[in-house]
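Enquirer: Below: sequence and its predicted model.
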Amino acid sequence: MTTIDAHRLWNAPTQTAPRERLDALHLEKIRHLVGWAYEHSPLHRRIYDAAGVKPADIRTWDDYHHRLPFTDKPDYVADQEASADGFGGIALGPEQWQQYFHTTGTTGRFLNEAFTHYELHKAGSQYCYGLWDHGIRPSDSMYFCFDFGMWIGLWSFYWGARNLGLTIVSGGGASGVQRVRQIMERRPTVVCGTPTYLLHLAEIAKREGLDIRDAGVRMLAGGGEAGFSIPATRQQLREAWGAEQIYDAYGVGEALFIGQSCNEWAGGVHVVEDVCHSYSVDPASGEPVTSSDEVGEHVLTTYCHFAQPFIKYRTHDLVRIDDAPDHGCGWTWKHMPGVVLGRADFMVTIRGVNVYPTAVENLVGEVPGLSNHYELHISRVDGMDRMLVKVEAGAPGADVADLGTALGRHLRDHLGVRLETEVLDTGALPRYELKTKRIFDSRSAAERPVATLGGHP
Amino acid sequence: MTATQIPTRRSVSSLGDVVDTQRERLIALRGQMLAEQADAASPAVARALEMADAYVFLALGYLGHVDELFPGELSDPR
Ligand SMILES: [Zn+2]
């Protein structure tokens, strides 16, 4: 193993622990958590009773993988709708809650979430591992671009900044121009936002006759979109802001999972194993994926959420998990190369080839002359999946027909199938401030890939 | 929490002597803080100690503490 100065890491005792020790800690915590949920969450008791499982039955990894039922968002939504207080899967009452949130609802209905003070702090601690590894210290500062609404992603980042001891600068309630000016004036070490919005701010600065690079921002951080893991977007951000570091985090809001990139980046994020257990399964059979080359559905148990436990929770995110990463950072924690490769629900099969939206996003970024504004439209025509890739040209007056041909060829060369392409003039696609909507799936539920893992009603 | 059906053990979570002994010391410190919280002279003191406990519990988590899931779990009234 690489020799690493212990204080270069946020928490070397666990961050560099051998796999067997980590797995022993996980199993201990999971068994305890299953007992807690069974005793205190009516939803979990119903699910476990229906599967004929008692907490004492979960003793080994085989029990966890094969006996304990999966949980899924619809379980919580159904429980939420049936409950008097509007929350699902609750194990601790409202007198213990400190803050409410809800999911952003990109896949349907909002899920209400309740957190205690400790849970928010614990969730925030996840960011410290990655930020510390990138050399961020308590003397640094972080600027938040957004209005603090009900989205846990932003708030957990805020708790992470507090936990690490950063000076916080809130850009809430400000216009884009005001934010640019605040950033120029305050000169924060880190600016937090989505990739699309950060590029948008750089454009605003230019229109105002300002160069955002003069703010001396060292790191751009955030999440909510794939951009921070797409090489072309990372490069664009680096150039537009003159930033040295681009920081990626992958989150599953309701389960409070945050994967963090290490300083070596290595094209992905580490699972923060102090706060959760992650593994992946074949979405069709539910069997654990054992090879680090194979793509599976990410399944999660969080140690940050007890008021509303999430145990063996299906994220529907497709990932690869390397449980013995060795890229020089010193972390022994699992690594997800490519971060989220796609959504199990958005998986598209075109003439027998599985096409992951993230793969398409990466390829779009490689075609010279195209912008980073694109949309993927998935549909089903005559029983066949189709994907239309719409991209804006990088500059006004470009030859969109030529660019369309180049894009179509590049996609076919790398994916092995032909997708439909449409290159548009600059500014033709909508802009979003929070999560940018890029994938539009018009297939009905029945037409999407079947991925039921069974085990509970 | 008396109702949990899972017995807890400490040995499996060993992360080395230095880490384990610091964890033991913090568990003892926490015990003292909780006693002070129970005897607090005012709600203000009780709440301040409750928040301090959340921070100490974070430290325990970093050191591989597995006996409790979160502060207050064992004093849950139900
Ligand atoms: Zn790493």
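Expert: Alright, I've got the coordinates.
Enquirer: all helices for chain A, in order.
Expert: Here chain A has its helices, by DSSP state H, at A:12-15, A:19-40, A:42-50, A:61-66, A:73-82, A:117-133, A:152-164, A:176-186, A:195-207, A:231-241, A:357-364, A:400-415.
Enquirer: which of the ones you listed sits most buried?
Expert: Greatest average neighbour count among these goes to helix A:117-133 (a mean of 25), per mean count of other CB atoms under 10 Å in any protein chain shown. Using the backbone N, CA and C atoms, a C-beta is placed for each residue, glycine as well.
Enquirer: Is any residue of it near chain B?
Expert: Yes - Helix A:117-133 lies within reach of chain B by CB under 8 Å from any CB of the partner chain, at A:117, A:118, A:119, A:121, A:122, A:125.
Enquirer: which bits of the stretch 251-400 of chain A sit near the ion?
Expert: Contact residues (CB under 5 Å from the ion) of the stretch 251-400 of chain A with the ion: A:262, A:264, A:329, A:331.
Enquirer: for stretch A:358-367, the distance to its chain's centre please.
Expert: Between the centre of stretch A:358-367 and the centre of its chain there are 18 Å (CA atoms, centre = their mean, to the nearest Å).
Enquirer: got the contact list for it?
Expert: A:226, A:230-233, A:338-342, A:370, A:372, A:374, A:376, A:387, A:389, A:391, A:403, A:406-407, A:410-411, A:414-415, A:419, A:438 (CB atoms under 8 Å, 6 or more residues apart in numbering or on different chains).
Enquirer: What does the residue in chain B that the ion sits nearest to show for phi and psi?
Expert: Of all residues in chain B, residue B:62 sits closest to the ion, at 18.7 Å by CB to the ion. For residue B:62, the backbone dihedrals are phi -60, psi -30 (criterion: degrees, to the nearest 10).
Enquirer: Do I have it right that it meets residue A:17?
Expert: No - Residue B:62 is not in contact with residue A:17 according to CB atoms under 8 Å; the separation is 11.6 Å.
Enquirer: show me where pLDDT drops low in chain B?
Expert: B:1-13, B:76-78 (pLDDT under 70).
Enquirer: how about the residues of it near the ion?
Expert: So chain B never meets the ion (CB under 5 Å from the ion).
Enquirer: which one's the longest helix in chain B?
Expert: Counting residues, the longest helix found in chain B (DSSP H) is helix B:17-38.
Enquirer: now that helix, how far from the chain's geometric center?
Expert: Relative to the mean C-alpha coordinate of its chain, helix B:17-38 is positioned 7 Å out (CA atoms, centre = their mean).
Enquirer: before we move on, the earlier item: joint contacts of residue B:62 and residue A:17?
Expert: In contact with both residue B:62 and residue A:17: no residue, using CB under 8 Å, 6+ apart.
Enquirer: and residue B:61, what is it in contact with?
Expert: Applying CB under 8 Å, 6+ apart, we find residue B:61 in contact with A:122, A:125, A:274, A:303.
Enquirer: And residue A:147, by the same measure?
Expert: Listed by CB under 8 Å, 6+ apart, the contact partners of residue A:147 are A:172, A:173.
Enquirer: related to what we said a few turns ago, using a markdown table, please lay out the residues of the stretch 251-400 of chain A next to the ion together with pLDDT and neighbour count.
Expert: As requested, these are exported to a markdown table (pLDDT from 0 to 100; neighbours: other CB atoms under 10 Å in any protein chain shown):
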| residue | pLDDT | neighbour count |
| --- | --- | --- |
| A:262 | 93 | 23 |
| A:264 | 90 | 16 |
| A:329 | 95 | 23 |
| A:331 | 96 | 29 |
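Enquirer: what two of those have the greatest distance between them?
Expert: A:264 and A:331 (9.0 Å; CB to CB).
Enquirer: what stretches of the stretch 1-150 of chain A score poorly on pLDDT?
Expert: For the stretch 1-150 of chain A, applying pLDDT under 70 flags the ranges A:1-6, A:103-109.
Enquirer: Find the closest residue to the ion in the stretch 151-300 of chain A.
Expert: Nearest residue of the stretch 151-300 of chain A to the ion (CB to the ion) works out as residue A:262 at 3.2 Å.
Enquirer: Contacts for stretch A:403-420 next, please.
Expert: Against stretch A:403-420 from outside (CB under 8 Å, 6+ apart): A:350-351, A:353, A:355, A:359-360, A:363-364, A:366-370, A:386-389, A:391, A:393, A:421-423.
Enquirer: which residue sits closest to the residue of chain B closest to the ion, ignoring its sequence neighbours?
Expert: Once flanking residues are discounted, residue B:62 sits nearest to residue A:11: 4.8 Å by CB to CB, 6 or more residues apart in numbering or on different chains.
Enquirer: hang on, the one you found packs against residue B:59?
Expert: No - shown here, residue A:11 and residue B:59 do not form a contact pair, counting by CB under 8 Å, at 9.9 Å.
Enquirer: The residue of the stretch 151-300 of chain A closest to the ion and residue A:9, how far apart?
Expert: Computed as CB to CB, to the nearest Å, the residue A:262 to residue A:9 distance reads 9 Å.
Enquirer: Mutual contacts of the two, please.
Expert: Counting by CB under 8 Å, 6+ apart, the shared contacts of residue A:262 and residue A:9 are A:133, A:331.
Enquirer: Can you give the distance from stretch B:43-62 to the centre of its chain?
Expert: Averaging C-alpha positions (CA atoms, centre = their mean) puts stretch B:43-62 9 Å from its chain's average.
Enquirer: Tell me the buried residues in that stretch?
Expert: By 16 or more other CB atoms under 10 Å in any protein chain shown, the buried positions in stretch B:43-62 come out as B:49, B:50, B:53, B:54, B:56, B:57, B:58, B:60, B:61, B:62.
Enquirer: Enumerate every residue touching residue 45.
Expert: Looking at chain A here, since you left the chain open. By CB under 8 Å, 6+ apart, the contact set of residue A:45 is A:37, A:38, A:39.
Enquirer: that's the wrong chain, I meant chain B
Expert: For residue B:45, the contacting residues are B:36, B:37, by CB under 8 Å, 6+ apart.
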